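Participant: Predicted model, plus sequence, below.
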Amino acid sequence: MTKLNMDFLEEDGKLIIVVKGDIDAYHSADFKKAVREKMQEFSGTKVVLDLSNVSYIDSAGLGSLVAMLKDARNSGKSFLLASLKPNVKRIFEMTRLDKVFRIVDTPEEA
């Protein structure tokens, strides 16, 4: 089981959250809590999750992301996913969540 780490960067009016590790049932509650707190503190309107270092996400992880998206929308922020590895992107396509989330190739594109 790999540890989940996050780095929070603010640049160009965006909150970029660089996630490292697996977003799974073991980590999703702490992950969601940390991101929610940071989103509430952040005064800008764009939140970008950089998933370039995430090689696995399960249904609990997807559920956390959907909850974060809802929180962001409720507080008038846009919530984007960036730099998905092919196997992670495939999960979003299979669950049709690629139609729900805005997915970009790099955080800079957001």
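Facilitator: Structure's in. What do you need?

Participant: Now do the same contact list for the residue lying closest to M68 once chain neighbours are set aside.
Facilitator: Spatial nearest neighbour of M68, excluding adjacent residues (CB to CB, 6 or more residues apart in numbering): V35 at 5.5 Å. Bear in mind the C-beta positions are built from the backbone N, C-alpha and C, glycine included. If you count contacts by CB atoms under 8 Å, 6 or more residues apart in numbering, V35 has them with 6, 17, 49, 68.

Participant: Pull out the buried positions in the helix or strand hosting V35.
Facilitator: In this assignment (DSSP states H and E), V35 forms part of helix 28-41. For helix 28-41, burial by neighbour count (16 or more other CB atoms under 10 Å) applies to 28, 31-32, 35, 39.

Participant: what's the average pLDDT for stretch 88-102?
Facilitator: Stretch 88-102 carries an average pLDDT of 98.

Participant: And stretch 57-73, by the same measure?
Facilitator: 97.

Participant: in this protein, which spans are helices?
Facilitator: In the chain, the helices defined using DSSP state H lie at 28-41, 59-74, 86-94.

Participant: export those to TSV and tack on distance to L80?
Facilitator: TSV is the format used below for those (distance: least, CB to CB, whole Å):
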stretch	distance to L80
helix 28-41	13
helix 59-74	9
helix 86-94	13
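
Participant: Mind listing residues that contact stretch 12-20?
Facilitator: 4-10, 31, 35, 38-39, 42, 44-54, 107, 110.

Participant: Mark which of these are buried, thanks.
Facilitator: Buried, going by 16+ other CB under 10 Å: 4, 6, 31, 35, 39, 42, 46-52, 54, 107, 110, out of the contacts of stretch 12-20.
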